[in-house]
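Undergrad: Below is the structure, and that's it, no one-letter string:
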């Protein structure tokens, strides 16, 4: 148990760091979802199934989805200010 | 006083529950409610909250009222549920907040049309959270209300959806979210040490703590969060970005209540929860006096540099938050009592000033001091109100704000903090001067003709001009009148007892007042500075040039610091944490 | 500040914080050594007093119900704020009905996709309901179940396409659900006061331990949370999806709300 | 159970907050910045749940275990649940603001987006005369 928890805590630190270091928002979404998944596992191992379930619903599904939609909106959207040369 | 004696602790949940229930009902029926119903409902609810809080406060004069939610009373010394504990001071502050909201709803009458009452819903949530913040005696519950307050405030800031408004809201959201995380971390540390979340429970567990690094760490994180809310140097950056761009009715609440509540929380936690920690009690004077003086001076100086009226008022709020923090730093009944009076007085005056800024935005379609030069002539009453508010801000010896100032200065003088005493006087003078200068320029047309300078460098701003002037002016005048009619005897009589109950300390003698000439000196200095700014071109160059020379370098440096970049703010947040930790290590 | 100066400042502050942070973390009780008196007392007391198996739900809905009330309204504030900030520009009336924008072909879904999404949607919704209903017995509760239920509506979007989704999901129903759920929770606090009990006091029969209907008032509160969260998160998804769509068609003339 | 394990969870929490703060300070994209903020928040999850754990204890749900079995602290779990809601609401609000700022400013880089400065009054102009540079 001790080794498992230690590994999960270290993984949490690593995946959190990855979220920060992956600078491209498109790829960062995967890091965020992975971070959510690692946290879910950690919470389960810490005997917190309620929290794990929340994290699964929010951190792995809802929040990455919101990021994805925001990114789509930004990629597709053209600013009103008329600054040309954007993608799309 | 039969009504008051009927009031029992059973009333305590109502000022929080009623606005929550009303706004839930308003949201559920949003598409059915006809035009003005949300306005009326929200205003009445705020009034009702204010009345209930006043009743509770009056009843609490004999001793704090305690209420246990869900009927979970402590058993064998373990606090199982969440409690509210209301002393007279907390009750009166909550009553003041409710009244401020009621007046803001009048001021904003019809301002937010076509929104299915969304503005009113957010404001009522904001109100309920503030009252909960004042009443609670549970650390985590404090955090919950802190966050509800924040979330409502974030959404309200960007209400206009201008580019500046959104960037200001982002900076505000990021910095204040970090504050929330810090606070939660601090609560975790305290919970690990004390094994409870109740204020009194923690206090009892920490009573013999001495120098405990966990307690110090917990205080560091919680105090940092509250100081971020209160915009204390070096956490102050978000405030000017947010307050300047929020709709004016929202700015009234931000400056009048939200910022001071951060200090209210700190003033409560320091003696009540951390009373037993040597380290904290050693560090608080250092932090309060040092950071408070710095904040008072920096805010005042920055206020004087602004030409955007709301941004100027925002910096003036920072300066006054610094003055209030010195009151906490004095760690005495006088300092805290002064702070509590000051919170109300400052809220009334600053609220009125933001309303005047809103009136200018609505009727003159501008907020830039230079561009508005002379344009205020048609709305003389607003000009008179602004002049009076400016004088009150720098220390005109009338009313609540003045009494708060005297008590704070008295506590500082008693404890021998001469430099802080000077800083409070100078900070007040600078902010008053900025307001008086703007009033003189806008309403009297003083100052040199700006020529092509008149074009404001910021984006064009205006607010809806669909309200009659008197409707906007009336709440503003009520605020100023409330500040000025407060009888001096009443406050000085009760402030001592209220502060003692607030700090859980035995009552002392009458509170000391600061030197009577000091506020007058502030007023004189403010008039002098405002006069210099307005009539500079008529003064001989011999006077003007050296003054300008001394201003150049610090002005440039200060402006460079307030960069508006969220990355910078994050770095300063770390610096602030380090300062707090340093004070705790050496205090 | 230049980015480099900023990072230098941050690093300096971090270094200054290091000894204090080390002392604080070192002073904490060793990980896994003991739990706080508060939690231990609840574990010992509550199964008998409230007849519920899930201590976390008991804390959320009973002992510290006020926190959850605040949390629910925080969600309400955030979602109202989101709606205000997103609709402000689009013009308010737009989101109340399905929009068929000219020049944008409705992409027909294949039968298989529609069927798969319908099946998955129903299954997700059932799982969400299961999680909601078992709040007091097993892990889960109104919040978790509500988020899962809201995700189920997204499968409608995938299967039926945008127009079908907008026809199925009306904004003011969601408002009513969200507000109604929050109101139900607030009333759970206020109604016991009418019979002389404390705010949020559990005055209903408590049921049998380990039974689905154990916990008394907690069940009602849980239902309120589930309603509010389902309505709120669906609204949130709806508004976000609307945002990606707004970019597809010709730009609507923006209107500021204030 | 080595000595390192005694503080590892707390150290991880401190690390997460620090690295998130670094991310915020160095971010050049607001969407990325929101992700960094959620890293800062996960620090609070790790700290709180770490404080409430006890070796050899079960989850505080007495369905499969009879009441009285040593269980971990349910209070911190309830706190973290609230915290997760806070995190979701903040993320949603910030993403909305980000999308809106992009529509107006055409950029997501905080360095190029600056809030209104409003300029300074000519009276306080450091250079001679009233020609203050806005």
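TA: Ah, there it is. Fair warning: this is a prediction, and the values are worked out from it, not measured in the lab. Residues are numbered from 1 along each chain as shown, chains lettered A, B, ... in the order given.

Undergrad: so how far is residue B:49 from residue C:183?
TA: If you measure residue C:183 against residue B:49 using Cβ to Cβ, to the nearest Å, the figure is 18 Å. Heads up, the C-betas are built off the backbone N, CA and C, glycines and all.

Undergrad: More neighbours: those two, which one.
TA: Taking neighbours as other Cβ atoms under 10 Å in any protein chain shown, residue C:183 and residue B:49 compare with residue B:49 leading, 28 against 25.

Undergrad: Now do the phi/psi pair for that one.
TA: The phi and psi values for residue B:49, taken as degrees, to the nearest 10, are phi -60, psi -50.

Undergrad: Tell me the spacing between it and residue B:43.
TA: Using Cβ to Cβ, one obtains 11 Å as the distance from residue B:49 to residue B:43.

Undergrad: burial of residue 72, as a residue count?
TA: Assuming you mean chain A. 17.

Undergrad: Not quite, go with chain D.
TA: Burial of residue D:72 is recorded as 26 neighbouring residues (other Cβ under 10 Å).

Undergrad: next one: residue C:111
TA: Counted with other Cβ under 10 Å, residues neighbouring residue C:111 total 8.

Undergrad: show me where pLDDT drops low in chain C?
TA: Chain C contains residues with pLDDT under 70 at C:88-109, C:245-258.

Undergrad: quick one: the helices in it?
TA: Taking DSSP state H as the criterion, chain C carries its helices at C:3-27, C:37-50, C:55-58, C:65-90, C:111-133, C:142-168, C:171-194, C:217-246.

Undergrad: Would you mind listing what in the stretch 301-450 of chain B touches chain C?
TA: Within the stretch 301-450 of chain B, not a single residue sits near chain C (Cβ under 8 Å from any Cβ of the partner chain).

Undergrad: Next up, the contacts around residue B:348.
TA: The contact partners of residue B:348, taken as Cβ atoms under 8 Å, 6 or more residues apart in numbering or on different chains, are B:96, B:100, B:256, B:400-401, B:479-480, B:482-483.

Undergrad: Just send these back as JSON lines, with pLDDT and neighbour count too.
TA: Formatted as JSON lines, the entries for the contacts of residue B:348 read as follows, by pLDDT from 0 to 100; neighbours: other Cβ atoms under 10 Å in any protein chain shown:
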{"residue": "B:96", "pLDDT": "96", "neighbour count": "25"}
{"residue": "B:100", "pLDDT": "96", "neighbour count": "25"}
{"residue": "B:256", "pLDDT": "92", "neighbour count": "29"}
{"residue": "B:400", "pLDDT": "92", "neighbour count": "26"}
{"residue": "B:401", "pLDDT": "93", "neighbour count": "30"}
{"residue": "B:479", "pLDDT": "94", "neighbour count": "28"}
{"residue": "B:480", "pLDDT": "94", "neighbour count": "24"}
{"residue": "B:482", "pLDDT": "92", "neighbour count": "22"}
{"residue": "B:483", "pLDDT": "91", "neighbour count": "25"}
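
Undergrad: of all those, which comes closest to chain D?
TA: Minimum distance to chain D across the contacts of residue B:348 is 21.1 Å, recorded for residue B:256 (Cβ to the nearest Cβ).

Undergrad: For chain C, see how far away the closest one is.
TA: For residue B:256, the distance to chain C equals 20 Å [Cβ to the nearest Cβ, to the nearest Å].

Undergrad: Phi and psi next, for residue B:83.
TA: Backbone geometry at residue B:83, expressed as degrees, to the nearest 10, gives phi -120, psi 150.

Undergrad: measure the nearest residue to it once chain neighbours are set aside to chain A for me?
TA: With sequence-adjacent residues excluded and distances taken as Cβ to Cβ, 6 or more residues apart in numbering or on different chains, residue B:83 is closest to residue B:137, at 4.7 Å. Distance from residue B:137 to chain A, counting by Cβ to the nearest Cβ: 26 Å.

Undergrad: Report how many residues lie close to residue B:137.
TA: As a burial measure, the neighbour count of residue B:137 was computed by other Cβ under 10 Å and equals 25.

Undergrad: got the contact list for residue B:401?
TA: B:342, B:345-346, B:348-349, B:392-393, B:483.

Undergrad: rerun at 6 Å
TA: With Cβ atoms under 6 Å, 6 or more residues apart in numbering or on different chains as the criterion, the residues that contact residue B:401 are B:345-346, B:349, B:392, B:483.

Undergrad: list the helices and strands the lowest-mean-pLDDT helix or strand in chain A packs on?
TA: Every helix and strand of chain A was ranked by mean pLDDT, DSSP states H and E. The lowest is helix A:63-76, at a mean of 88. Using 3 or more Cβ pairs under 6 Å, 6 or more residues apart in numbering or on different chains; DSSP states H and E as the contact definition, the elements that helix A:63-76 packs against are helix A:25-45, helix C:217-246, helix D:74-105.

Undergrad: Now render these as JSON lines, adding mean neighbour count and distance to residue B:270.
TA: What follows is the helices and strands packed on helix A:63-76, written out as JSON lines (neighbours: other Cβ atoms under 10 Å in any protein chain shown; distance: least, Cβ to Cβ, whole Å):
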{"stretch": "helix A:25-45", "mean neighbour count": "21", "distance to residue B:270": "34"}
{"stretch": "helix C:217-246", "mean neighbour count": "24", "distance to residue B:270": "35"}
{"stretch": "helix D:74-105", "mean neighbour count": "26", "distance to residue B:270": "23"}
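
Undergrad: just so I know, which of those helices lies nearest chain B?
TA: Across these, closest to chain B is helix D:74-105 (Cβ to the nearest Cβ), at 4.2 Å.

Undergrad: who does the closest one touch, helix- and strand-wise?
TA: Checking 3+ Cβ pairs under 6 Å, 6+ apart, helix D:74-105 ends up next to helix A:49-55, helix A:63-76, helix B:139-157, helix B:163-194, helix C:37-50, helix C:55-58, helix C:65-90, helix D:30-51.

Undergrad: residue nearest the centroid of the chain?
TA: Since you didn't name a chain, this refers to chain A. residue A:32 (1.4 Å; Cα atoms, centre = their mean).

Undergrad: Switch to chain C, please.
TA: The residue lying closest to the centre of chain C (Cα atoms, centre = their mean) is residue C:229, at 3.8 Å.

Undergrad: give me the low-pLDDT residue ranges for the stretch 301-450 of chain B?
TA: In the stretch 301-450 of chain B, residues with pLDDT under 70: B:450.

Undergrad: and the gap between the closest residue to chain D within it and chain A?
TA: Among all residues of the stretch 301-450 of chain B, residue B:308 sits closest to chain D, at 2.8 Å; criterion: Cβ to the nearest Cβ. Residue B:308 sits at a distance of 21 Å from chain A (criterion: Cβ to the nearest Cβ).

Undergrad: just residue B:275 next, same as before
TA: For residue B:275, the distance to chain A (Cβ to the nearest Cβ) stands at 33 Å.

Undergrad: What parts of chain D come near chain C?
TA: Taking Cβ under 6 Å from any Cβ of the partner chain as the criterion, chain D approaches chain C at residues D:6-7, D:9-10, D:14, D:25, D:50, D:52-55, D:60-63, D:67, D:71, D:73-75, D:77-78, D:82, D:85, D:89, D:92-93, D:96, D:99.

Undergrad: re the thing from before, go through the helices of chain C and pick out the most buried.
TA: helix C:55-58 (a mean of 30; mean count of other Cβ atoms under 10 Å in any protein chain shown).

Undergrad: What lies in contact with that one?
TA: If you take Cβ under 6 Å, 6+ apart as the criterion, helix C:55-58 is touched by A:50, C:42-43, C:46, C:50, C:52, C:135-136, C:141, D:60, D:74, D:77-78.

Undergrad: centre of the chain versus that helix, how much separation?
TA: Remark: helix C:55-58 is offset 17 Å from the chain centroid, using Cα atoms, centre = their mean, to the nearest Å.

Undergrad: I am finished for the moment; much appreciated.
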